[in-house]
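> Pasting the sequence and the predicted coordinates here, then a few questions.
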Amino acid sequence: WCGGNEFNPYSYGNAASMGILERNLAIFDPTRCFLRTSPDAGSMHSYPDFDPVWYKGFELIPYVAETGVHCITDPANIKQVVSPSELVDLGGMYNKDFVLEHPEFVEHFAEYNPSRVPRMLSRASHIDNMAKPALETIAEATQIGAGEFYQVMSEGIQSNYPITTGLMPWVYKRPWPVVAAINLVDGMGQPSATYYFLKRTYEPTHVLLDIKRLLWAPGEVFPISVNVLNGVDQPGFKGVVQVKILDDSFKEVWQASKKINVPEGTSVIKEEIGIYSIPQAYKEKYFFAVVSLTDESGKMISHAEYWPRTIHLMEDDAYYQKFVSEPVDWPTLTNGPWLKPAVAKHKTSVELKDVKLIKVNGDKGRLHIVVTNKGKLPSFMTHLDIEGVPRSFYANDNYFWLAQGETKSIEIDFELRGEQVANSMKLVLKSWNAKTHSRTVKLIN
């Protein structure tokens with residue numbers, strides 16, 4: 001927990017108390033062990049509302065003790081604890097009268113305080129229209145917005161090894177059902193999309209784009225830098241890093257690659273690949289940066305994707321100079337551009353190639369699924385869900401980019417809830433730019 005020398009503007013009193021406790025134990029009872037939870041050189045405990053690339057500016061911090069952003073939790077689980085009549089007008093959750101009209105929702109909202117809680121709706125407003133969102137829309141948009149934040153934050157902090165050697169993303173799981181919180185797993189054990197974004201940054205060997213910021217102006221030069229994080233006890237190898245830039249129709253507009261030597265064990269390799277010039281006419285649009293790492297034989301080791309965007313605000317010189325020179329509050333995009341509608345225009349074709357119930361024991365079981373992209377474009381935000389039964393499940397990956405022609409094997413561990421044993425459940429495959437598919441999975445022969 002928050003120890004003696006943690007940097008937290010809200011907990012100086014706590015730090016003083018811990019220091020007094022440590023001193024008194026040393027004087028009066030040195031036989032009792034007192035261990036500091038934070039490094040002697042200090043740590044950071046912060047909840048900023050800025051572009052997550054600013055975490056890279058904390059280059060002298062050895063330990064990030066607590067940080068994260070809010071999101072709405074799983075809609076199916078929310079519906080089990082909040083009356084349907086309250087699951088409306090959620091786009092106004094920070095209005096003064098919201099609490100009067102949504103008492104159950106607010107009761108399940110961790111740290112509901114419009115003046116303190118980071119405005120998760122501003123991040124969601126980059127993903128979809130937040131004017132009058134349905135529960136499913138706002139949950140997905142806040143989770144994806146938070147996922148983008150956690151991914152860039154985690155990669156930036158891990159890239160500062162060996163100066164920064166610790167990160168504690170906040171928070172893994174909530175102990176009771178919540179509708180909104182800083183969380184990766186809700187109170188019923190269901191991981192959010194955010195969880196999977198963060199999970200991928202901790203793969204044993206991880207490639208990443210050292211993105212300079214998420215918001216750009218048309219006509220700017222977009223620098224391409226790549227980092228490779230190799231974990232403890234991992235072998236060294238020769239490989240190739242490649243970066244592709246795709247426009248908002250998934251058309252490739254730039255690419256470059258470079259051979260690298262990854263040393264054995266914990267390391268951070270940094271390579272400059274080149275620059276991409278954003279067209280002057282490319283206004284109010286997203287573009288995609290896809291970075292991959294393969295070994296010499298061409299086997300994929302790691303890949304990561306990003307969706308920076310040009311927005312009208314960055315064309316204003318005063319706003320631009322402020323945004324690039326200091327952390328500022330994340331802007332709300334009332335009129336777009338919105339990521340999901342832009343992606344949905346460009347269709348591909350995904351399918352459930354194979355679904356197998358590996359085991360089932362009472363209310364717990366495991367599924368093996370093979371998903372393939374048979375289309376000519378990437379499948380964006382490909383994800384699996386279980387519907388028709390109260391459930392929680394964990395997949396080895398979810399909410400992922402599936403390249404054209406790519407096949408991916410997924411395993412899901414699930415737990416069912418409810419007074420009666422379910423005979424079957426529905427497995428659903430979704431993508432933002434492909435047709436939804438489902439398969440009924442029989443649980444009892």
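Cool, the structure landed. Residues are numbered from 1 along each chain as shown.
> contacts and neighbour counts: CA atoms only from here.
OK.
> tell me the centre residue of the chain?
When C-alpha atoms, centre = their mean is applied to the chain, the residue found nearest the centroid is Gly147 (1.7 Å).
> Just to be sure, that residue is in a helix?
Yes. According to DSSP: H, G, I helix; E, B strand; the rest coil, Gly147 belongs to a helix.
> And the pLDDT at Glu6?
At Glu6, the model reports a pLDDT of 42.
> go on, Tyr10?
Looking at Tyr10, the pLDDT reads 40.
> Repeat that for Val421.
Listed pLDDT for Val421 reads 81.
> check contacts around it.
362-363 (C-alpha atoms under 8 Å, 6 or more residues apart in numbering).
> cool, Gly365 as well?
Taking C-alpha under 8 Å, 6+ apart as the test, what Gly365 contacts is 357-359, 413-415.
> Need the worst-confidence member of those.
Lys359 (89).
> Tell me the secondary structure at that residue.
Secondary structure state of Lys359, per three-state DSSP, is strand.
> Please look at it and His368 and confirm they touch.
No. Counting by C-alpha atoms under 8 Å, Lys359 does not reach His368; the two are 9.7 Å apart.
> Tell me which of those two has more neighbours.
His368 (16 against 12; other C-alpha atoms under 10 Å).
> Mean confidence (pLDDT) on the helix or strand where that one lies, please.
Using DSSP states H and E, His368 maps to strand 364-373. On average, the pLDDT along strand 364-373 is 97.
> following that strand, which helix or strand comes up?
Next helix or strand after strand 364-373 toward the C-terminus (DSSP H and E): strand 379-387.
> Packing partners of that next one?
Judged by 3 or more C-alpha pairs under 8 Å, 6 or more residues apart in numbering; DSSP states H and E, the packing partners of strand 379-387 are strand 400-402, strand 424-431.
> Same list (those) but as TSV, adding mean neighbour count.
As requested, the helices and strands packed on strand 379-387 are exported to TSV (neighbours: other C-alpha atoms under 10 Å):
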stretch	mean neighbour count
strand 400-402	20
strand 424-431	19
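> Show residues contacting the helix or strand containing Glu415.
When elements are assigned from DSSP H and E, Glu415 belongs to strand 407-416. Strand 407-416 is contacted from outside by 363-373, 389-397, 402, 422, using C-alpha under 8 Å, 6+ apart.
> cutoff 6 Å now
363-372, 390-396 (C-alpha atoms under 6 Å, 6 or more residues apart in numbering).
> returning to that earlier point: what's the PyMOL syntax to select whichever of the contacts of Gly365 are buried?
Of the contacts of Gly365, the buried ones go into a single PyMOL selection, burial set by 16 or more other C-alpha atoms under 10 Å:
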select buried, resi 413+414+415
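> Just name the closest of the contacts of Gly365 to Thr137, please.
Phe414 (23.7 Å; C-alpha to C-alpha).
> Just give the nearest non-adjacent residue to that closest one, would you?
Leaving aside its sequence neighbours, Phe414 sits nearest to Phe393 (C-alpha to C-alpha, 6 or more residues apart in numbering; 4.1 Å).
> Name all residues that make contact with the one you found.
190, 413-414.
> Let's have those residues in CSV, adding distance to Leu167.
What follows is these, written out as CSV (distance: C-alpha to C-alpha, whole Å):
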residue, distance to Leu167
Gln190, 23
Asp413, 27
Phe414, 28
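> Out of those, which is nearest to Gly57?
Nearest to Gly57 among those, with distances taken as C-alpha to C-alpha, is Gln190, at 33.0 Å.
> Show the backbone phi and psi for the nearest residue to that closest one once chain neighbours are set aside.
Once flanking residues are discounted, Gln190 sits nearest to Ser392: 4.8 Å by C-alpha to C-alpha, 6+ apart. Main-chain torsions, Ser392, degrees, to the nearest 10: phi -140, psi 140.
> can you pull up the bridge partners for Ser392?
Glu415 (DSSP bridges).
> Double-check that Ser154 belongs to a strand.
No. Counting by three-state DSSP, Ser154 is located in no strand; its state is helix.
> That one: neighbouring residues, count only.
22.
> what's the answer for Thr31, then?
By the criterion of other C-alpha under 10 Å, Thr31 has 8 neighbours.
> mind checking the SS state of it?
coil.
> What distance do you get for it to Asn24?
Thr31 sits 12 Å away from Asn24, going by C-alpha to C-alpha, to the nearest Å.
> Pro378 too?
Counting by C-alpha to C-alpha - Pro378 and Asn24 are separated by 61 Å.
> Who has more neighbours out of those two?
Pro378 (23 against 12).
> mind listing the helices for the stretch 201-350 of the chain?
317-325, 339-344 (DSSP state H, counting those that start in this stretch).
> For the shortest one, the averaged confidence score.
When the per-residue pLDDT values of helix 339-344 are averaged, the result is 98.
> What lies in contact with it?
Outside of helix 339-344, the residues within contact range by C-alpha under 6 Å, 6+ apart are 127-128, 432-433.
> rerun that using 8 Å as the cut-off
126-128, 248-249, 286, 380, 432-434.
> Take the residues you listed and write them to TSV, including pLDDT.
Output for the contacts of helix 339-344, formatted as TSV (pLDDT from 0 to 100):
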residue	pLDDT
His126	98
Ile127	98
Asp128	98
Asp248	98
Ser249	98
Tyr286	98
Phe380	98
Trp432	98
Asn433	98
Ala434	98
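> between those, which is closest to Pro175?
Distance to Pro175 across those (C-alpha to C-alpha) is lowest for Ile127, with 28.3 Å.
> so who does the closest one touch?
Residues near Ile127 by C-alpha under 8 Å, 6+ apart: 141, 144-145, 338-340.
> These, buried ones only, as a PyMOL selection?
Only the buried entries of these go into this PyMOL selection, using 16+ other C-alpha under 10 Å:
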select buried, resi 141+144+145+338+339+340
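> what's the average pLDDT for stretch 183-197?
On average, stretch 183-197 scores 97.
> Look at Gly388 and say how many residues are nearby.
12.
> What residues does it make contact with?
Residues near Gly388 by C-alpha under 8 Å, 6+ apart: 425-426.
> Against Glu155, how distant is it?
As defined by C-alpha to C-alpha, Gly388 lies at a distance of 36 Å from Glu155.
> What of Val262?
In terms of C-alpha to C-alpha, Val262 sits 17 Å off from Glu155.
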